[in-house]
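>>> Can you look at this prediction? I've put the sequence above it.
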Amino acid sequence: MKIFKNLLRTIFFIIYPNYLFSETITKEDLKFLSFNDKKVFVENCLEKENIIVTPQCLNFLGIKILLNNSDNLEISKESLKYIKNQSIYYLNEAAERGFIDAYINLGWIYSNDKFELQDLKKSAEYFKLYNNLKTKGSQIKVIKKDK
């Protein structure tokens, strides 16, 4: 019985994290990419039909689905709202996973009145956060070189 429990735990800890990561990017969202962007995404973020969830892939998907669809007059308001929410979600995920350039994209989105998400306070916070993290990263590189 104890062996069975340990086996189940092992299987759970091997499979469950992969399940969580696979749900971060919804394959359905790839339809919002342009043909060329989809090609780039497939080349860099897909391996054996599985999406590779990296911060760079999340950032790419987040900014591209918004840019490709913000002027699309054929898209319903509900779909556009979904795209905006997904874009912000993907960019936040990329930033939380250490891709600090995602903060620039978030700052830009919130500074732009084109997307109906304009919030200059949020925008300034994201730009400041990016600058602080970039400066901190530069200082760490200098310290490592000095050693």
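Good, I have the coordinates.

>>> check contacts around the closest residue to residue 110 other than its chain neighbours.
Spatial nearest neighbour of residue 110, excluding adjacent residues (CB to CB, 6 or more residues apart in numbering): residue 123 at 3.8 Å. All C-beta spots, glycine's among them, are computed from the backbone N, C-alpha and C. With contact taken as CB atoms under 8 Å, 6 or more residues apart in numbering, residue 123 is in contact with 107, 108, 109, 110, 111.

>>> how about residue 123, secondary structure?
helix (DSSP: H, G, I helix; E, B strand; the rest coil).

>>> So it versus residue 98, what's the distance?
Going from residue 123 to residue 98 by CB to CB, to the nearest Å gives 21 Å.

>>> repeat for residue 133
Distance, residue 133 to residue 98, by CB to CB: 9 Å.

>>> And those two? Which one has more around it.
Applying other CB atoms under 10 Å to residue 133 and residue 98 shows that residue 133 carries more neighbours, namely 15 against 10.

>>> That one against residue 100, yeah?
Yes: counting by CB atoms under 8 Å, residue 133 does reach residue 100; the two are 4.6 Å apart.

>>> got a list of what residue 135 touches?
Residue 135 neighbours (CB under 8 Å, 6+ apart): none.

>>> And residue 45, by the same measure?
25, 51, 52, 54, 56, 57, 60, 61.

>>> Mind checking which of the residues you listed land in helices?
When those are checked against helices (DSSP state H), the matches are 56, 57, 60, 61.

>>> Determine the number of other residues adjacent to the third one.
By the other CB under 10 Å criterion, the neighbourhood of residue 60 contains 22 residues.

>>> distance of it from residue 133?
As for residue 60, its distance to residue 133 is 19 Å (criterion: CB to CB).

>>> again, but for residue 94
Using CB to CB, we find residue 94 at a distance of 13 Å from residue 133.

>>> cool, and residue 70?
27 Å.

>>> Below-threshold pLDDT in this protein: ranges please.
For the chain, residues meeting the criterion pLDDT under 70 lie at 1-23, 137-147.
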